[in-house]
Structure formats: C-alpha cells, structure tokens
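Student: Got a predicted structure here, sequence first:
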Amino acid sequence: MASTTSNAELVDEYRARTPASAQTFARACQVLPGGETRAVTSYLPYPVTIAEGHGARLCDVDGHSYLDLVNNYTSLVHGNAFAPVTEAVGELLPHGVAFASPHPLQIALAELLIDRLPSLERVRFTNSGTEASLLAARIAVRATGRRRLLMFEGGYHGSAAALLPTSPDVVTAPWNDLDAVAATLDDGVAAVFAEPFLGAGGVLPSAPGFLAALQELAHSRGALLVLDEVQSLRNGIGGEQRRHGLTPDLTVLGKIIGGGFPIGAVGGRSELLELTVASSTTDHVAHSGTFNGHLAATVAGATALRHLDAPAIEWLEDSAAQLAGRITEGATAAGVPATVSRAGSILNVHLDGPDRHAALHLALLLGGVYTTPRGMINLSTALAPADLDSAATAYQLAFTRVGTV
C-alpha cells in the first residue's frame, strides 16, 4: 500500500495548484463576510473558485477541470447549463421575467407539480426552500391554532431562526424514534416537519414503516404532517411520498423545481391553502414576495422536471447504488473505515472524525472530483458511465492518500 499523505501536505499541494482561487478568495474577503455567500461552501484553506460549468464538468479559475458530484447541492439534476433549460430561459428573456400579475408559466409549473404529486391540490411559490418552510409553518399554525413545530435531530428545513432547534417554538425528537415522537407530540404542536431521509444530517434513510406511522400519529394528535421534499423529489415521479405511501398535509419543495434558478413552493390540500393564504379568504395569512414564481425559475423548473422521467430516475438510482458499492470497496481496499449511506441518487460518505473528512475532500479535489466537505454527493443525468468509473477510481486513490490520517 502506498504511503499516506498528511493533511498539511494535502493543503500545501492544494495551495500550489490553485493560486488564482487563493487570489479570488482574498478579494472576496474584502467585500463578503468570510469570503463567501453560503456557509456550506466554506472549507480550509479556501474554497476553489468555479468559473463555469457544462454538463457534468466544472472549471475553476486556475483552468482545472472537475467532475461535478455536487450539482449545487442536488438542485441541478441534469448537470450544469442543461441545454433545454438554457434554451427555454433564453426564449423567455426578451419577453420579461417578473410581473406583478399571475402568468401562464407559473400555472404550468403548478399543474406539473400537482400532476406528479397526488397530495398536492394547490401550490404557492416562494423564492427558496427556507421561505417555503416558513410559509408551511405559518399555514400549520393558522390551521390548527397551535404554535409549536416538531422536527427531528439532524434534520434541516432552512436557515431561518424560526426553523432551528434553538427556536422556542421548535421541539425535537431523535430520527426514526417513534416512541420519542409520541412522548413529545402534545396538543401544542401544530405540525411535524420531516424529510423522507435526513439530507444535511448525512443522507440517513427512514426506518421501514416509520414515516407512515409518523403520519398516523401526527393526525391522531391533531397535528399536520409537513413533508420536506426539497431534496428528495428527484428520487421519484411522485417524490419519496409515493414510495412510502404518504399523503402529507403540506409538502415543501425547492431545488430541482427551479431548474437551477431560486425557487421554493408549498403544496397541499386545497382547503388548507385556500383558507390560509388565498387573498379571497377573510383573515388570510398575508404572504407576498416580489419574485415569487419568477418566470425564469418556473420555465426552467418545468423544463427540468419534464426531462426527469421514470427512465432517467431509474438510471440515476441504479448508478448511485453501483457507485456507493464501488466507493465502499475502494475504502476497504485502502484500509479506511468508511460507510456510504444512500437515498435514491443522493449519497453520503461517512468517515471517522472531521480531519479525515477534510483530508478526503482535498484529496478528491486534487484528483479532479468536486464533492462537498461533509461527504454528500449526488448524481446528475449529465454523467456518463465513464464518469462514474472515473469517480470510483478517484475515491479509491483518495482513500489511499488519506489512509489513517
């Protein structure tokens, strides 16, 4: 087995390889707090600066090419600069992209979502998944007359303070622990917020039958079930809710429904949305937003979803399963303790300790594979079989470099 490379050596090699990224980051730090606009993209010694992306490939400001296994954190299910999306948006631009009025493109995306997700009868657009979660919480509070939200440890429904475990109106329970939920779910809880799998928490799937039992328990206690399918919608025509036999009261959506543009949405039963957010309803929840249903996002999202058909989803899932196995084999061959969790075409590589994660992340970047610092990766339809081979090989080489660091 080849000798391992220390973290310091990896950092030195990374610095030597990416001087233009270092310069760009130094410039960014003069105007952006921390030199970035999203905490999740930060890592030491500095993030690589991406100049452009095409299909499954990214190019940084130093001219290096990377295989993209991040896809802007699952939002680009067809990869970068997907031609049908760029063409649809290009055709739209000369005609205007934002009006203080309903538009047929907004209606078309809503109709498409309702067609794919039987639990949706009405859809309200927002500008992000965070905004959609906040709106879902407001709807639940108004509909039930209760204040608190039950969420799961390790879950993530947005960055707003009202959605974090530190909020006085948020109570938490361990993931996959129905007994803990039953003990916590009292008559002050308006809604249970759940993902089909913990996304930011490590792509940890739900236990068999857990979500169906959770839905039944929530309804028996007078609470709504809000299912967060911001990441998981890519895993099925009907999202993960169809796979699990769920009929959530509200569904939170985002990422792929914008085709690469900012968007979010809340969908659910017509009586819930009509009685809470419809302006025609007395004492409704006043929900507005200058760019809600932005036309570039709606036309891009509808285009992306139409190309995400059943064969494409099946290919993504099969390819992800094969890649997960090959990554595990590569770790075993290198003597690195590692596990890979998977939900559809989203995976997470788990290692012991943050130092080893950081080392693996840098080793992969040096090997031309763009991944996330926490180990989450996801596939796009832009990948070819040869790309998957390259990814598996890059992981095996990176594991060998990291070794027992």
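Tutor: The structure has been received and is ready for your questions.

Student: avg pLDDT for the helix or strand harbouring residue 298?
Tutor: Per DSSP states H and E, residue 298 falls inside helix 295-307. For helix 295-307, mean pLDDT is 98.

Student: Quick one: the helices in the stretch 51-200 of the chain, in order.
Tutor: 71-74, 83-92, 104-116, 129-144, 178-184 (DSSP state H, counting those that start in this stretch).

Student: Please name every helix or strand in contact with the longest one.
Tutor: Contacts of helix 129-144 with other secondary structure elements, assessed using 3 or more C-beta pairs under 8 Å, 6 or more residues apart in numbering; DSSP states H and E, are made with strand 122-126, strand 189-194, strand 224-228, strand 250-254, strand 264-268, helix 270-276. The way it works is simple: take the backbone N, C-alpha and C, and place the C-beta from them, glycine included.

Student: now those in CSV, with mean neighbour count and mean pLDDT?
Tutor: Shown next, in CSV, are those (neighbours: other C-beta atoms under 10 Å; pLDDT from 0 to 100):
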stretch, mean neighbour count, mean pLDDT
strand 122-126, 23, 98
strand 189-194, 25, 98
strand 224-228, 28, 98
strand 250-254, 28, 98
strand 264-268, 28, 98
helix 270-276, 17, 91
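
Student: In contact with residue 277, which residues are there?
Tutor: 124, 135, 139, 284, 285, 287 (C-beta atoms under 8 Å, 6 or more residues apart in numbering).

Student: what's the pLDDT at it?
Tutor: According to the model, residue 277 scores 90 on pLDDT.

Student: For residue 50, state which of the contacts of residue 277 is nearest.
Tutor: For these, the minimum distance to residue 50 (C-beta to C-beta) is 31.3 Å, reached by residue 135.

Student: quick one: residue 136 from residue 225, how far?
Tutor: 11 Å (C-beta to C-beta, to the nearest Å).

Student: Overlap of the contact sets of these two?
Tutor: Between them, residue 136 and residue 225 share the contacting residues 191, 250, judged by C-beta under 8 Å, 6+ apart.

Student: can you list the domains in the protein?
Tutor: 7-77+309-402, 83-307 (automatic domain parsing).

Student: Just name the shakiest helix or strand of this structure by mean pLDDT.
Tutor: helix 270-276 (a mean of 91; mean pLDDT, DSSP states H and E).

Student: Can I get it in PDB, CA atoms only?
Tutor: Provided in PDB are the C-alpha atoms of helix 270-276 (Å, rounded to 0.1, in the frame of the first residue of the first chain):
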ATOM      1  CA  SER A 270     -56.900  22.800  -1.300                       C
ATOM      2  CA  GLU A 271     -58.800  23.600   1.900                       C
ATOM      3  CA  LEU A 272     -55.600  24.300   3.800                       C
ATOM      4  CA  LEU A 273     -54.100  26.600   1.200                       C
ATOM      5  CA  GLU A 274     -57.400  28.300   0.100                       C
ATOM      6  CA  LEU A 275     -58.400  29.000   3.700                       C
ATOM      7  CA  THR A 276     -55.000  30.300   4.800                       C
END
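
Student: what helices or strands is it leaning on?
Tutor: Using 3+ C-beta pairs under 8 Å, 6+ apart as the contact test, the elements touching helix 270-276 are strand 122-126, helix 129-144.

Student: Determine how far the last residue of stretch 377-385 lies from the first.
Tutor: 16 Å (C-alpha to C-alpha, to the nearest Å).

Student: And the contacts of that stretch?
Tutor: The contact list for stretch 377-385 (C-beta under 8 Å, 6+ apart) reads 55-56, 68-71, 73-74, 76-80, 82, 234, 307-308, 312, 315-316, 319-320, 323, 345-349, 371.

Student: That concludes my questions; thank you for your assistance.
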